[in-house]
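Undergrad: Give me the fold of what follows.
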Amino acid sequence: MKFGLKPVRDWRLGTRLALGLGALALTVFVIVGWVMVTSMKDFLDRRLDDQMVISQQGAAKEVEYYGKVSKIPPDWFAVVYKIENGGVTPLPGDQQPQDREEFDALARQALTADKFETEYLRDEGKFRLRACQVVKDEYIVVSAAPMQDRDGTISQLVTVGVIAFLAALVALVVGGQALIRKGMQPLSDMADTAHDISSHDLTDSGDLAVRVDSRGGGVEVEELREAFNKMLAHIDTSLVARTAAEQRLRRFIADASHELRTPLTSLRGYADLFKYAAANEPGEREKHLEKLRSEASRMSVLLDDLLLLARLDSAATEPPLRPEELDLSVIAEAAADAFRAGRPSHALDVDADTVTMTADPTRLRQVLDNLLTNAAVHTPAGTTVSLKVTAENGWAVIRVSDTGPGIPEADQARIFDRFYRVDDSRTRQRGGSGLGLAVVQSLVQAHGGRIELASRPGSTVFTIRLPRRP
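TA: Okay, here's the model as predicted:
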C-alpha cells in the first residue's frame, strides 16, 4: 500500500493560506535575521578595530622610549618591530605569540600603510591583527585581539534569533490557521447550505426556504452572503413560478382533453346517426348534419381560443398583436350592435366617449364580445347590461356591468382561470368552454393593461384599464 500527500491544489484553502503565510513570514524572518546578524558583525568589527587603534595610539610613547608595549589586555598579543635598512626587526616583549609568521608578514606591509587582517594563529584561534607605524620610520606595532567574544556574541544572537523566529513562525502558522478557519466559517456555512439544497427534491416542489443566516466574516464575506441569499431567493421564486406553471399546464391539458372529448364524442355519435339516416330515414339527414356542423363549430371556437392563449403565452417569440391608431368608441359601438342583434333578450346601455389609442382593434373587439357574451350567458333574460368607455389620466377605461345575480365570492379569485366555470353544468349546456374570461385577461395583459372584477348580488362590474400609448 502506498501512502502519499495529496497535491497542494487539493488541500483546503485555509491550510494553503496558513502555509503561504508561514512561507512569507519565514522569508521575512530570514531577511530580517540576515540584516540583523550582518549589522551586528559590522558593529562588533568596527568596535574591535577602534579599540585596537586606540590601544596602539596609547602605546606610541611607551614604544618610543622603551621599545615595548605593556599596557594591553591580557588576552591580546603585541609585537614591536624596529625599522632598519628598509626592513623590520622584531624586538623582545612579554605578550608575543609562539608563532610570529603572520605578524612578520603584516609588519612588512605596514612599511607603506597601516594594515588590518583577520587570521587564525596556530594553537591560538581566530584573531584580528593591525599593524601601524607608531613612530614614523622607526617603530611598527602589530597587535592581535582575539575574536572569540565577537564570534560568541554573533553565535548567541543567531541561536536566539533562530529559536525566536521558529517559535514565532509556529505560532503564526497555527494561530493564523485558526483565525483563517474562523474567518472562513461563513463560507463553510454557505457550502453546507448548498449541500443541504442538493439533498432536497425540487422536481415537484417550489419550496426552497433555505438561507444562510450566519453573521461575521468581514465586508467581502457579507457581500458574498447577501449575493448568495439573493440567488437562493431568485431560485426559490423561479421554482415557485415553474411549479405553478407546471401545475397550470397539467390542469390545462387535462381540461383541454376533457373539453375536446365532448364534441368529438358528439361528432362520432351524430356521424353514426347520419349514416343510419342516410340508409334508412333520409328525412332525418339534414337534422343530423346540422348537429354535426354545430359540434364542429363549437370545437373550432375552442381550438381557436386555445391557439390564441398559446400565442399569448409565447408572445416573446410570436407577437399576437397588430397595434394601430384607433377610436375605442367605434369598436365599442360595433360590439354593442352585434350584442343587440345576437342577444335580444338583454337590454344594453352604451356610454362611449371618444378615446383614441394605439392597440389591436380585432383583439379589443374580441375582449368586448367575450365580456358582453359572458354577461348575457350568466344572467337571466331581461337583465340590463351596460358598456362604458372613458379616458382617465392617460388610460382607456372600459367597464362592462350587469344587474344579474352576481358571482359568488368563493369563485371570484379563480374566475379568470382557464376552463373554470362558476356553474359547470349550466355553462356547458349553454355552450361555454370556460376560456372566455381567460382569453380576455390574456389579451388585456398583452396590451399592457389590467382587468378587475367587483361583484355582489345585483351588480357585477368588469373594469379594464389600458394604456393609450404603450
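
Undergrad: Would you mind identifying the helix or strand in the protein with the lowest mean pLDDT?
TA: Ranked by mean pLDDT, DSSP states H and E, the weakest helix or strand in the chain is helix 424-429, scoring a mean of 43.

Undergrad: Does the helix or strand following that one pack against any helices or strands, and if so which?
TA: Using DSSP states H and E, the helix or strand that follows helix 424-429 in sequence is helix 436-446. Secondary-structure packing of helix 436-446 (3 or more C-beta pairs under 8 Å, 6 or more residues apart in numbering; DSSP states H and E): helix 285-313, helix 361-377, strand 450-456, strand 459-467. Bear in mind the C-beta positions are built from the backbone N, C-alpha and C, glycine included.

Undergrad: Let me know which of the ones you listed is the nearest to Val158.
TA: Evaluated over the helices and strands packed on helix 436-446, closeness to Val158 peaks at helix 285-313, with 81.0 Å, by C-beta to C-beta.

Undergrad: quick revisit: can I get the helices and strands packed on helix 436-446 in JSON lines with mean neighbour count?
TA: Putting those into JSON lines (neighbours: other C-beta atoms under 10 Å) gives the following:
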{"stretch": "helix 285-313", "mean neighbour count": "16"}
{"stretch": "helix 361-377", "mean neighbour count": "20"}
{"stretch": "strand 450-456", "mean neighbour count": "15"}
{"stretch": "strand 459-467", "mean neighbour count": "19"}
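
Undergrad: ranking these by mean pLDDT, which is last?
TA: Lowest mean pLDDT of those: helix 285-313, a mean of 69.

Undergrad: Show me which positions of the longest strand seen in the chain end up buried.
TA: Among the segments of the chain that qualify as a strand by DSSP state E, the longest is strand 125-135. For strand 125-135, burial by neighbour count (16 or more other C-beta atoms under 10 Å) applies to 127-135.

Undergrad: now, which of those residues sits nearest Leu371?
TA: Looking across those and measuring by C-beta to C-beta, the closest to Leu371 is Arg128, at 113.5 Å.

Undergrad: Centre-most residue in this protein?
TA: By C-alpha atoms, centre = their mean, the mean C-alpha position of the chain lies nearest to Ala227, the distance being 5.0 Å.

Undergrad: how close does it get to His234?
TA: Using C-beta to C-beta, to the nearest Å, Ala227 is found at 10 Å from His234.

Undergrad: and if you look at Phe103?
TA: Applying C-beta to C-beta, the value for Phe103 to His234 is 89 Å.

Undergrad: ok, those two, which is more surrounded?
TA: Neighbour count, other C-beta atoms under 10 Å: between Phe103 and His234, Phe103 has more, with 26 against 10.

Undergrad: tell me how far the ends of stretch 72-86 are from each other?
TA: End-to-end distance for stretch 72-86: 28 Å, by C-alpha to C-alpha, to the nearest Å.

Undergrad: Tell me which residues are up against that stretch.
TA: Outside stretch 72-86, the residues that touch it by C-beta atoms under 8 Å, 6 or more residues apart in numbering are 55, 59, 63, 67-69, 88-91, 93, 95-97, 100, 103, 107, 111, 121, 124, 127, 133, 137-146.

Undergrad: Check those for burial and list the buried ones.
TA: Here, 16+ other C-beta under 10 Å leaves 55, 59, 63, 68-69, 88, 90-91, 93, 95-97, 100, 103, 107, 111, 121, 127, 133, 139-146 buried among the contacts of stretch 72-86.

Undergrad: SS state for Ala171?
TA: helix (DSSP: H, G, I helix; E, B strand; the rest coil).

Undergrad: Going along the chain, name the strands of the stretch 51-200 of the chain.
TA: Using DSSP state E, counting those that start in this stretch, the strands found in the stretch 51-200 of the chain span residues 77-84, 87-90, 115-121, 125-135, 139-146.

Undergrad: any chance of these in a markdown table, with mean pLDDT and distance to Ser300 too?
TA: Output for the strands of the stretch 51-200 of the chain, formatted as a markdown table (pLDDT from 0 to 100; distance: least, C-beta to C-beta, whole Å):
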| stretch | mean pLDDT | distance to Ser300 |
| --- | --- | --- |
| strand 77-84 | 86 | 127 |
| strand 87-90 | 84 | 134 |
| strand 115-121 | 84 | 114 |
| strand 125-135 | 87 | 115 |
| strand 139-146 | 87 | 120 |
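
Undergrad: Those: which one's closest to Asn393?
TA: When the strands of the stretch 51-200 of the chain are compared by C-beta to C-beta, strand 115-121 sits nearest Asn393, at 100.8 Å.

Undergrad: Outside of that closest one itself, list whatever touches it.
TA: With C-beta under 8 Å, 6+ apart as the criterion, strand 115-121 contacts 49, 77, 97, 99, 102, 106, 109, 126-132, 144, 147.

Undergrad: how big is the angle separating it from strand 77-84?
TA: Here the directions of strand 115-121 and strand 77-84 differ by 130 degrees (axes from the mean of the first three to the mean of the last three C-alpha atoms, to 10 degrees).

Undergrad: Pro380 is in contact with Thr403, isn't it?
TA: No: contact criterion C-beta atoms under 8 Å: Pro380 and Thr403 do not qualify, at 10.2 Å.

Undergrad: and the residue nearest to Tyr139 when sequence neighbours are not counted, what pLDDT?
TA: The shortest distance from Tyr139 to any non-neighbouring residue, by C-beta to C-beta, 6 or more residues apart in numbering, is to Val63 (4.9 Å). Val63 is assigned a pLDDT of 77 by the prediction.

Undergrad: Likewise for His258?
TA: For His258, the pLDDT comes out at 56.

Undergrad: Please apply the same query to Thr38.
TA: Confidence at Thr38, expressed as pLDDT, is 90.

Undergrad: who's in contact with it?
TA: Counted by C-beta under 8 Å, 6+ apart, Thr38 has zero contacts.

Undergrad: just Leu111 next, same as before
TA: Neighbouring residues of Leu111 by C-beta under 8 Å, 6+ apart: 83, 86, 88, 133, 140.

Undergrad: circling back: which stretch among the strands of the stretch 51-200 of the chain comes nearest Ala332?
TA: Of all those, strand 115-121 comes closest under C-beta to C-beta, at 114.7 Å.
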